[in-house]
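> pasting the structure only:
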């Protein structure tokens, strides 16, 4: 039994590197029951990516970025090679994915997942399919100077959703590498992100503008 906020040492976390070497290897997923739309975040926002990270990752132990500061998040999202896509369904945010155009044609899917309300309802395969389709279109949809994709890859682990591996395999990914190592995992129910200042004591910018 652990206390809230306590990190847990997981003795054996398996991590897989999965790859797809040809766009023709992508296998379509069944269409979901309702329409899903996918929008590229044209204006990078650390706040939005951080919120999406917590929305999707809290239940599957996405904790690696818990220690990131606001400046870290800004440095991450405000790059031409990174694209963030927001999936919408039933009038709300259903999930998202982050794709990075890397040197030499490598294109990494850093994050892809659904919010809790959409898990187990037939959306996951289609989300991954649409993510991979956009990954193969780097240089066209984003990062115009990066050149074409020659390899799409991602990492997943035994801490991820139990269906993740099977989903990636069904879409055409193959395992390229596997490692097993211990990992200290922070409590995913906490998502600390200290504000740059205490809003109770420092006037907000919008208040300053009203004053002036």
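Cool, got the structure. Since we're looking at a predicted model, the values are computed, not measured. Numbers count the residues shown, from 1 in each chain.

> was I right to think residue 28 contacts residue 129?
Yes - at 5.7 Å, residue 28 counts as touching residue 129 under the criterion of Cβ atoms under 8 Å. Every residue, glycine included, has its C-beta placed from N, CA and C.

> looking at those two, which is more packed in?
Using other Cβ atoms under 10 Å, the more surrounded residue of residue 28 and residue 129 is residue 129, with 20 against 13.

> need phi/psi at the more buried one.
Phi and psi for residue 129, reported as degrees, to the nearest 10, are phi -60, psi -50.

> give me the number of residues near residue 128?
26.

> OK, contacts around the closest residue in space to it that isn't next to it in sequence?
Closest residue to residue 128 apart from its sequence neighbours, by Cβ to Cβ, 6 or more residues apart in numbering: residue 171 at 5.2 Å. Residues near residue 171 by Cβ atoms under 8 Å, 6 or more residues apart in numbering: 20, 26, 27, 29, 125, 128, 129, 132.

> report pLDDT for residue 171.
Residue 171 carries a pLDDT value of 98.

> elements contacting the helix or strand containing residue 72?
Using DSSP states H and E, residue 72 maps to helix 70-77. On a contact count with 3 or more Cβ pairs under 8 Å, 6 or more residues apart in numbering; DSSP states H and E, helix 70-77 meets helix 46-57.

> and the helix it packs on, average pLDDT?
In the prediction, helix 46-57 has an average pLDDT of 93.

> buried set for that helix?
The neighbour-count check on helix 46-57 (16 or more other Cβ atoms under 10 Å) flags 46, 48, 49, 50, 52, 53, 54, 55, 56, 57 as buried.

> so the first one sits against residue 73, correct?
It refers to residue 46. Yes - counting by Cβ under 8 Å, residue 46 does reach residue 73; the two are 3.6 Å apart.

> and the helix holding residue 72, how far out from the chain's middle?
Taking the mean of its C-alpha atoms, helix 70-77 sits 14 Å from the chain's own mean (Cα atoms, centre = their mean, to the nearest Å).

> quick check: next helix or strand after it?
Counting by DSSP H and E, the next helix or strand C-terminal to helix 70-77 is strand 82-89.

> stretch 46-57: how far from the chain's middle?
Distance of stretch 46-57 from its chain centroid, counting by Cα atoms, centre = their mean, is 8 Å.

> for stretch 108-118, same thing?
Distance of stretch 108-118 from the chain centroid (Cα atoms, centre = their mean) equals 5 Å.

> now that stretch: average pLDDT?
Mean pLDDT, computed over stretch 108-118, is 96.

> now that stretch: buried residues?
108, 109, 111, 112, 113, 114, 115, 118.

> which residues touch the fifth one?
Pointing back at residue 113 there. Shown in contact with residue 113 (Cβ under 8 Å, 6+ apart): 56, 57, 60, 95, 96, 97, 127, 161.
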